[in-house]
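Q: with the input below, show me the fold.
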Amino acid sequence: MAQYLLTVYRAKGFDPASSVDNEMSQAIDALNDKMIDSGIRVFVGGLMSPELARSLRLELNGDITTAKGAYIDTTEYIDGLWVLEVPDIETAEEWGRRAALACRASVEVRPFYG
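A: Next comes the predicted model:
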């Protein structure tokens, strides 16, 4: 079995307080329950807004500078993630499709080394 990272992407400015309704919450909870029942979920986590992040940048001289906000300024950001242990990329992709539907968002599926 291999491990895969499923990441959920949201548009900058996404507000979960106004965008995540009861139906979406129930769909995500049901998906998590299916992952647990299938024995494939290793880890799950939702992330707060990128505005709350702190970015640490290693400079060429070896110094580390800290800045408030996301490391990369983009129009989308990672909102949450799962680590799944499944037999192959096709199985991971199928779970990614389920995640995209439950979260109403784009999802990336990426294998871990090893």
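
Q: list the buried residues for stretch 22-38?
A: Neighbour counts over stretch 22-38 (16 or more other C-beta atoms under 10 Å) mark 27-28, 31, 35 as buried. Heads up, the C-betas are built off the backbone N, CA and C, glycines and all.

Q: for this protein, just list every one of the helices.
A: For the chain, the helices defined by DSSP state H cover 16-19, 22-38, 89-103.

Q: helix or strand with the lowest mean pLDDT in the protein?
A: Lowest mean confidence among the helices and strands of the chain (mean pLDDT, DSSP states H and E): helix 16-19, at a mean of 92.

Q: what's that one in contact with?
A: Applying C-beta atoms under 8 Å, 6 or more residues apart in numbering, helix 16-19 has no contact partners.

Q: sorry, back to before: now the helices of the chain as JSON lines including distance to Phe112?
A: Below are the helices of the chain laid out as JSON lines (distance: least, C-beta to C-beta, whole Å):
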{"stretch": "helix 16-19", "distance to Phe112": "27"}
{"stretch": "helix 22-38", "distance to Phe112": "17"}
{"stretch": "helix 89-103", "distance to Phe112": "10"}
